[in-house]
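Asks: Prediction below, plus the sequence it came from.
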Amino acid sequence: MENKPNVWKNALNGGVILGVVLIIYSILMYFLDLSLEKWVSWVSYILLIAGIVYFTIQYRDNVLGGTISYAQALGYGVLISLFASVLSAIYSYVFFIFIDPDFIGKIIEMQQAEMLNQGLTEDQVEQSMEMVKGFMTPGIMVAISIPTLTFMGFIFSLITSIFLKKEDAAEVFDDVE
């Protein structure tokens, strides 16, 4: 009987490592007082892409014997993103509740300033902030972060899987016959 690799276990390992990397990056940005800078989230996405690529290549080459289909690479990348997002969400909840409970207030202030800079009136900003504040609770932000980061991982995996797939040449030519 053939021993099939456990994709869930492998993706969990990669997702946990990627999640820890994202958490360390977040902590570093917090201590450098750069958490509210826009470019910080872009670097997080670059780390996510790098993690998906790295762990998919490792899975393809070390577990699957050097071949992986597009669908397998896509699914594996999404699983890595899911596990990393759950770990990141747990950290975010702890951060918002225990480490810096005022951080959400800082985010709201930053959004207000951006809206005013865009030319909105005080009344328009106040009206917008009333709606936003309902979603700016630790629980809701964490609940939204899991599907958001997983979806971003899906989008990145759609693209990276094109380059990471490596089909067995014998199987490709068997399909031609």
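Replies: Perfect, thanks for sending it.
Asks: How about the backbone phi and psi for G119?
Replies: Per-residue torsions, G119: phi 100, psi 10 (degrees, to the nearest 10).
Asks: For it, grab the count of nearby residues.
Replies: 7 (other CB atoms under 10 Å). Bear in mind the C-beta positions are built from the backbone N, C-alpha and C, glycine included.
Asks: Distance of it relative to E109?
Replies: 18 Å (CB to CB, to the nearest Å).
Asks: Under a three-state scheme, what state does S35 occupy?
Replies: Using DSSP: H, G, I helix; E, B strand; the rest coil, the structure places S35 in coil.
Asks: right, and K106 touches F96 too?
Replies: No: with contact defined as CB atoms under 8 Å, K106 does not reach F96; the gap is 11.2 Å.
Asks: For the helix or strand containing M129, which helices and strands make contact with it?
Replies: Assigned by DSSP states H and E, M129 belongs to helix 122-135. Helix 122-135 sits against helix 103-117, with contacts defined as 3 or more CB pairs under 8 Å, 6 or more residues apart in numbering; DSSP states H and E.
Asks: so who does the residue nearest to I162 when sequence neighbours are not counted touch?
Replies: Ranked by CB to CB, 6 or more residues apart in numbering and with sequence neighbours excluded, the top spatial neighbour of I162 is Y70, at 7.0 Å. Counting by CB atoms under 8 Å, 6 or more residues apart in numbering, Y70 makes contact with S161, I162, K165.
Asks: Low-confidence ranges, this structure, go.
Replies: For the chain, the stretches flagged by pLDDT under 70 are 1-2, 169-177.
Asks: how much space between the spatially most central residue of the chain and M141?
Replies: Nearest to the mean C-alpha position of the chain, by CA atoms, centre = their mean, lies L149 at 3.6 Å. According to CB to CB, L149 and M141 sit 12 Å apart.
Asks: Do a quick rundown of the helices in the protein.
Replies: Assigned by DSSP state H, the helices in the chain fall at 7-31, 38-58, 70-94, 103-117, 122-135, 138-164, 169-176.
Asks: so which of the ones you listed comes closest to L64?
Replies: Closest to L64 of these, according to CB to CB: helix 70-94, at 7.5 Å.
Asks: Now neighbour count and distance to K9 too, for the contacts of Y70, in a markdown table please.
Replies: Listed next are the contacts of Y70 as a markdown table, based on neighbours: other CB atoms under 10 Å; distance: CB to CB, whole Å:
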| residue | neighbour count | distance to K9 |
| --- | --- | --- |
| S161 | 23 | 20 |
| I162 | 11 | 26 |
| K165 | 17 | 22 |
